[in-house]
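Here is a sequence together with a model predicted from it:
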Amino acid sequence: MAVPWYHIADPSNYLVITGAGIDSVKITKKAWIKPWQKVTRISVTPFDFSLDLQAMTQEKLMLIVPVVFTIGPQDDLEALKRYASLLTGTSDGAAAPTPGEVTVESNVRRIVKGIIEGETRVLVSTMTAEEVFTNRALFKQNVTTNIQSELNKFGLVIYNSNVKDLKDPPGSEYFSFLSRKAHETASSKARIDASEARRRGEIGVQENEGLTKQQISKIEADTAILETQRGKDKAAAQASLAIKTAELEAEVALTKVRARRAQEARDAELQKDVEKKRAEMELERLRALDVTKAQIAKEASQQNADAAHYLAVKTADAKLYTQQKTTDALTFDALKKADNAYYTTLKAAEAAFIEDQKRSDAKYYQLTKEAEAAALSKKLEAEAVIEMAKAYGELKDVFGGPDGLLRFLMIERGIYTQLAKSNAEAIRGLNPKINVWNTGSGGEGAADPMAPLRNIFQTLPPLLTTIQDQTGVTPPPWLAGMPAPGSDSAQVSKPQSSTAAGKSK
């Protein structure tokens, strides 16, 4: 009598039991195995799967996609049943060679390789090389999702996935050129950033003003470009509408001509049948009216009937032929007119489209060149200001500071000369009157006690004369009798006072 054996699986293994008392398979960690049952061990340890896939992108560009997947059976009873049922045998469906632990990694690798190659190639074919290169995370996510949906059928799960750096196939340097482009772009950006920092420190407020003007010019140029593009799109839509309208009109005209010709052909055929029936009725009537006459005039009637029938047939054929030819002529004429109208409309639309396109291109080129010229002019003005500022800084050091530079610039630009001219123009036309008098020496006054009084009275006449000359005010008669302005006595008294003053000196 056979004795059952008690089997225990390792921590990373499961027992797969088949045989009597089990409908399909039984997955467990430990069990009594009866003599009429069979047990197989399967491992749920994940394993790495590396593959270099060669796929073609949407623009027919070949590339190599290195991928690494960590794949293993799902730790779930239903998934393990699918895994044990589908993957624990050999590829031809035969049983495992030994009853012990079965290594199914080679079979799993073959199946997983086919799934990964198929899903990856399908996904790459819907993307461009630039999208695969730049959106690496999205590409990895889509590949993992598509592959996992297929692996679920076999009870497998992806524990980890990684897409390595894309490679060029032999004879291609696409990604190497992209890497160089990225490196050169980063280096250029770093140099541009350093230059930008120095430029900001040197130019300051003037640079901000220049950038503002450049942005305004750029916005205006972009606006003009968008307006031009909208005009081009509108012209293209109008041309397409005109072409489609002409095609529909030609098709409608052709359909009408065909229907009319079919109707005329049907009328001719019916007319022919009517004539034939009419001749037959006439023959039967004559037979019924007089059988004897019919027998006697059989030959004549038969000949007459044949002639009439022949005449009717030929008349109908001639009428049908005439109608067919007329219909064909009308159809041909309508087709030619429709073709001419379609060709005229098409060429007019093409000419209008080309003319609008040329105008748009010319306007775009003009606006682009004007924007570039304005930007270049502003840039040159800013560079000139920078160079002048540097030159003034060096002149400041040469002349010993800002004051020396300021005096040099005022001399160079004739500021002092202009100030002198302005002062001369300001005092031009003035006629000042200057009177000088002396009331005696101090030594004589010290010896003469009447000197103070004498000095006072000597001072009054010139003082009053000066007041009268300068202001036109004449003192009252009780104080002093002054000559009237312009009189002879005034002209004589002034030299005497001057003489007296000179003598006093």
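Cool, the structure landed.

quick one: low-confidence parts of the stretch 251-400 of the chain?
Regions of the stretch 251-400 of the chain meeting the criterion pLDDT under 70 cover residues 290-294, 297.

quick one: the helices in it?
291-296, 298-398 (DSSP state H, counting those that start in this stretch).

Need the winner for burial among these.
Stretch with highest mean neighbour count among these: helix 298-398 (a mean of 13; mean count of other CB atoms under 10 Å). The C-beta positions use only the backbone N, C-alpha and C, and glycine is treated the same way.

Based on its surroundings, how many neighbours for V124?
For V124, the neighbour count with other CB atoms under 10 Å is 24.

pretty sure it contacts F133?
No - using CB atoms under 8 Å, V124 is not in contact with F133; the gap is 11.4 Å.

Pull out the buried positions in the top strand by length along the chain.
Secondary structure assigned by DSSP state E gives strand 62-73 as the longest strand of the chain. Residues of strand 62-73 classed as buried: M62, L63, I64, V65, V67, F69, I71, G72, P73 (neighbour count, 16 or more other CB atoms under 10 Å).

With just CA atoms, put the next helix or strand after it into CSV.
Beyond strand 62-73 on the C-terminal side, the first helix or strand identified by DSSP states H and E is helix 77-87. What follows is helix 77-87, C-alpha atoms only, in CSV (Å, rounded to 0.1, in the frame of the first residue of the first chain):
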residue,chain,number,x,y,z
LEU,A,77,-3.6,32.4,-5.5
GLU,A,78,-5.5,33.1,-8.8
ALA,A,79,-2.4,34.6,-10.4
LEU,A,80,-0.3,31.7,-9.2
LYS,A,81,-2.8,29.2,-10.7
ARG,A,82,-2.5,31.0,-14.1
TYR,A,83,1.2,31.0,-13.8
ALA,A,84,1.4,27.3,-12.8
SER,A,85,-1.0,26.3,-15.6
LEU,A,86,0.6,28.3,-18.4
LEU,A,87,4.3,28.5,-17.6
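
Please name every helix or strand in contact with the helix or strand that helix 77-87 is followed by.
Using DSSP H and E, the helix or strand that directly follows helix 77-87 along the chain is helix 105-125. Here helix 105-125 touches strand 47-56, strand 62-73, helix 77-87, helix 136-151, going by 3 or more CB pairs under 8 Å, 6 or more residues apart in numbering; DSSP states H and E.

For helix 105-125, report the contacting residues that lie outside it.
The contact list for helix 105-125, computed with CB atoms under 8 Å, 6 or more residues apart in numbering, reads 47, 49, 51, 53, 55-58, 63, 65, 67, 69, 71, 87, 89-91, 132, 139, 142-143, 146-147, 150-151, 154, 156.

Can you show me the CA trace of that helix as CSV?
The C-alpha atoms that make up helix 105-125 are tabulated as CSV, following Å, rounded to 0.1, in the frame of the first residue of the first chain:
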residue,chain,number,x,y,z
GLU,A,105,12.9,30.9,-16.1
SER,A,106,13.9,30.1,-19.7
ASN,A,107,10.3,29.6,-20.8
VAL,A,108,9.2,32.8,-18.9
ARG,A,109,12.1,34.8,-20.5
ARG,A,110,11.0,33.7,-24.0
ILE,A,111,7.4,34.7,-23.4
VAL,A,112,8.3,38.0,-21.6
LYS,A,113,10.8,38.9,-24.3
GLY,A,114,8.1,38.6,-27.0
ILE,A,115,5.7,40.7,-25.0
ILE,A,116,8.2,43.4,-24.2
GLU,A,117,9.4,43.6,-27.8
GLY,A,118,5.9,43.8,-29.2
GLU,A,119,4.6,46.5,-26.8
THR,A,120,7.7,48.6,-26.9
ARG,A,121,7.9,48.6,-30.7
VAL,A,122,4.2,49.5,-30.9
LEU,A,123,4.6,52.4,-28.4
VAL,A,124,7.8,53.7,-30.1
SER,A,125,6.1,53.6,-33.5
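
Show me the shaky parts of the chain.
By pLDDT under 70, the low-scoring segments of the chain are 1-3, 87-105, 175, 205, 290-294, 297, 429-447, 479-505.

Mind doing that once more with 90?
Low-confidence segments of the chain (pLDDT under 90): 1-345, 347-353, 355-375, 377-505.

Against A308, how distant is I296?
Per CB to CB, to the nearest Å, I296 is found 19 Å from A308.

Cheers, nothing more for now.
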